[in-house]
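K.L.:
Sequence plus predicted model, see below.
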Amino acid sequence: MSDWTETYRPTTLSEVRGNNKARDNLEQWAKTWDDHRDAVIVHGSPGVGKTSAAHALASDMGWPVMELNASDSRGADVIERVAGEAAKSGTLTGGEAGRRLVILDEADNFHGNADYGGSAEVTRVVKDANQPIVLVANEFYDMSQSLRNACETIEFRDVSKRSIVPVLRDICRREGIEFEEDALEKIAADTSGDLRSAVNDLQAVAEDTDRLTVDDVVTSQRDTTEGIFDFLDTVIKEEDAEGALRASYDVDENPDEMLNWIEDNVPKDYRGAELADAYEFLANADRWLGRVRATQNYSYWRYATDNMTAGVASSRREPKGGWTRYGPPSYWSKLGRTKGTRKTRDAIAERIAEREGTSVGTARREILPFLSAMTHHCTNRDLTVRMAAVYDLDENEVSFVTGSGKDTNKVQSIVEDAEERRAEAVVEHSGSAFFEADDSSGGTDTDDADAATGSADSSADADGQETLATAGGGDEATDSESEPADSSADPDDAESDDDQSGLSDFL
Amino acid sequence: MFKAIVSAETLTSALDSVSVLVDECKIHLEEDGLEIRAVDPANVGMVDLSLDASAFESYDADGGLIGVDLSRLEDIAGMAESGQLIQLELDEETRKLHIQIEGLEYTLALIDPDSIRQEPDIPDLDLPAEVILEGKDVNRSVKAADMVSDHIALGVDEGEEFFYVDAEGDTDDVHLELTQGDLIDLQVGPAHSLFSLDYLKDMNKAIPSDTEVTLHLGEEFPVKIYFGFAEGQGQVTYMLAPRIQSD
């Protein structure tokens, strides 16, 4: 059984229903195209007849059609090759004088990698075109401004019930179906302005009956996406637990996002104890989301959603009313703003953790707060200097821990003192090793002397310092047996002796 | 019913000349040979190909219609070495094409012909000028023009009686004149049209350099390019819509 929306698709513009003004504008645009040579954007809700009107227009004008829609891959190269060429070339039948209608369906929807660069290319094609172009779109403002400015605009409005009913009546007559007027009214009312859905619904209920009654019209309401703001109103002000949960099914947000939305907006209406209860539930929801992340078991989402919707709705203790300015969640922007601070905190915590042998988490939660309290505003200066020295903190980090300004003399002098202290400590901890070495370079230390004089001394093993020759050859005794002349004079040769014989061995 | 044996060269040149325009096509399996007609997605280029039954080693068909994915079929045909024979047989039950090349068997799933773009009607054009030249001259013109521009003008000078190719780039220009002597034949008429080089380049790929190519030209009208292959038992006609000369 063929699809009635195809069977009864209008073939001429005069059959396009419900948008007479837009239809006339489109016709006017086509007839005067030779004068203005602009492209046109036809936009409106799904199912109101935009694409149908474009095709009907082409057949009215006798123009061949080139259509690209979302089922084609629409990367920049494809658009340039297909739409670009179609928009710049004449037709096969009419040559250069022949007109062709280029229809770019779903011009507001370019998705991901498959359509990479598509929307920019459309703008270019539109600007260079020598043929009429119709861009069909749902969301006018989803298209770039330069594209919108380059085109004329025609809006298709939702088709009114008054216009839908005659279309349905006409189809019933042509299909030979008897009908009750009320049944058609009901279908038209249920589909709220979407003519294509109305025809689909009619076909669904009428296909198997000869007589269509109101009782046959059992198609339920279509799912519509509920906006997040309406949803917030529902949860926070209007519905009970069940209603709030149901409302969440129609919202196009995942639970993580939804939680952020609710969490950010609930304090705008809830006060005191009810707010505390609501946060309790939101905290539960957050824990379930954590479990989802940890276990990757997405069936836990249901408990998160239960908590954040039904939980919040049931925490409400008094009726809410009025209008509240809900805003988008600040979670991500907060994360962005605090990025620098968090980085400093983590850098300090890492150093503390390394030094004290704790985990970074412990350092951050259990050590850092105490340090902060003890060195608050550097009042205990000596302690602050010692802290800065031990954990190797710079001005920025000292200021983070103590809460004093980073550029103040106080903080800067502390960091200087800390550096001094560190330098002293280094000297202290070296156990005077370097000073001694300097003093005794004359004769007491035979190691140094031996190394300096090279392998002239054959008893190299005695001082524990291997000469190059012994390191390479392994055993000086065997070396001197095989190559008595070279062993001490040419350590490089000896080094490679182990596995690889040199040419000189055979000469 | 369809069963045919054909040489690898003949099949590949037939497929190549269609695949420059489209990815999928319908093949008519007529009693006296194969026929393919297709138009590219932009509706700018068209191909009309026929391959006579006599071009096949053996040919048996009764007027079926199949839809094929050209790149797949080309890949398979490419498995055959030159001089090898390819056997094609249609399984009506499963709607699959069995292809045999010297023991290699390949079963190709076909495409529902209804899902392929409609075949174009061949426009009936009255094109005044006719130029017959060698394939290598077409190749040379296209190659030279491609160096400077993305479009090319083809025309005939009525007074001086020569065929010319013009390509104007942003900075550089290419001009080529072929007189009666350089051409195989020339019928003078008013002709000058601009064409997309992208398309001509693709079409040129399918034109053998040692073949006779016939061009039909008009004033701002499509060009018809006709040539034979498989020793004249296959014929290809391309049509290409002109570029609109923006003012």
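P.N.:
Everything's here; your move.

K.L.:
Low-confidence regions, the stretch 51-200 of chain A specifically.
P.N.:
A:111-114 (pLDDT under 70).

K.L.:
per-residue confidence at residue A:415?
P.N.:
Per-residue confidence at residue A:415 stands at 89 (pLDDT).

K.L.:
Assign it to helix, strand or coil.
P.N.:
For residue A:415, the secondary-structure state derived from DSSP: H, G, I helix; E, B strand; the rest coil is helix.

K.L.:
Pull the contacting residues for it.
P.N.:
A:388, A:393-395, A:398 (CB atoms under 8 Å, 6 or more residues apart in numbering or on different chains). Yep, even glycine has a C-beta here, placed from its N, CA and C like the rest.

K.L.:
For the residues you listed, work out which two are farthest apart.
P.N.:
The most widely separated members of the contacts of residue A:415, counting by CB to CB, are A:388 and A:395 (9.3 Å).

K.L.:
Mind checking which of these two has more residues around it?
P.N.:
residue A:388 (27 against 18; other CB atoms under 10 Å in any protein chain shown).

K.L.:
For the closest residue to the more buried one other than its chain neighbours, what is the enclosing helix or strand?
P.N.:
What sits nearest to residue A:388 in space, not counting adjacent residues and going by CB to CB, 6 or more residues apart in numbering or on different chains, is residue A:418, at 3.6 Å. Assigned by DSSP states H and E, residue A:418 belongs to helix A:409-429.

K.L.:
so where does residue 59 fall, helix or strand?
P.N.:
In the absence of a named chain, chain A is used. Counting by DSSP H and E, residue A:59 is found in helix A:50-61.

K.L.:
wait, chain B
P.N.:
strand B:58-61.

K.L.:
same for that strand, what does it pack against?
P.N.:
With contacts taken as 3 or more CB pairs under 8 Å, 6 or more residues apart in numbering or on different chains; DSSP states H and E, strand B:58-61 sits against strand B:2-7.

K.L.:
okay, the angle between the helix or strand following the strand it packs on and strand B:2-7?
P.N.:
For strand B:2-7, the succeeding helix or strand toward the C-terminus, using DSSP H and E, is helix B:8-19. Following axes from the mean of the first three to the mean of the last three CA atoms, to 10 degrees, one obtains 110 degrees for the angle between helix B:8-19 and strand B:2-7.

K.L.:
Can you show me the CA trace of helix B:8-19 as CSV?
P.N.:
What follows is helix B:8-19, C-alpha atoms only, in CSV (Å, rounded to 0.1, in the frame of the first residue of the first chain):
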residue,chain,number,x,y,z
ALA,B,8,37.2,-8.0,-20.0
GLU,B,9,38.2,-5.0,-22.1
THR,B,10,34.8,-4.6,-23.6
LEU,B,11,33.0,-4.8,-20.3
THR,B,12,35.4,-2.4,-18.5
SER,B,13,35.3,0.2,-21.2
ALA,B,14,31.5,0.1,-21.2
LEU,B,15,31.3,0.4,-17.4
ASP,B,16,34.0,3.1,-17.3
SER,B,17,32.1,5.3,-19.6
VAL,B,18,29.0,5.2,-17.4
SER,B,19,30.7,5.3,-14.0
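
K.L.:
Now the element after the strand holding residue B:59, going C-ward?
P.N.:
Next along from strand B:58-61, by DSSP H and E: strand B:64-69.

K.L.:
Contacts (any at all) between chain A and that next one?
P.N.:
No: using CB under 8 Å from any CB of the partner chain, strand B:64-69 stays clear of chain A, coming no nearer than 15.7 Å.

K.L.:
any idea of the angle that strand forms with strand B:2-7?
P.N.:
Using the same axes, to 10 degrees: strand B:64-69 against strand B:2-7 is 50 degrees.

K.L.:
In terms of secondary structure, what does strand B:64-69 contact?
P.N.:
Using 3+ CB pairs under 8 Å, 6+ apart: strand B:64-69 touches strand B:24-30.

K.L.:
ok now the next helix-or-strand element following the strand it packs on, how far from the chain's centre?
P.N.:
Going down the chain from strand B:24-30, the next helix or strand is strand B:33-39, by DSSP H and E. The chain centroid and the centroid of strand B:33-39 are separated by 10 Å, computed with CA atoms, centre = their mean, to the nearest Å.

K.L.:
Repeat that for stretch B:136-152.
P.N.:
That offset, for stretch B:136-152, works out to 17 Å (CA atoms, centre = their mean).

K.L.:
Please spell out which residues along that stretch are buried.
P.N.:
B:137-142, B:145-146, B:148-149, B:151-152 (16 or more other CB atoms under 10 Å in any protein chain shown).

K.L.:
Same check on stretch B:27-34?
P.N.:
Of the residues in stretch B:27-34, B:27-30, B:33-34 count as buried by neighbour count, 16+ other CB under 10 Å.
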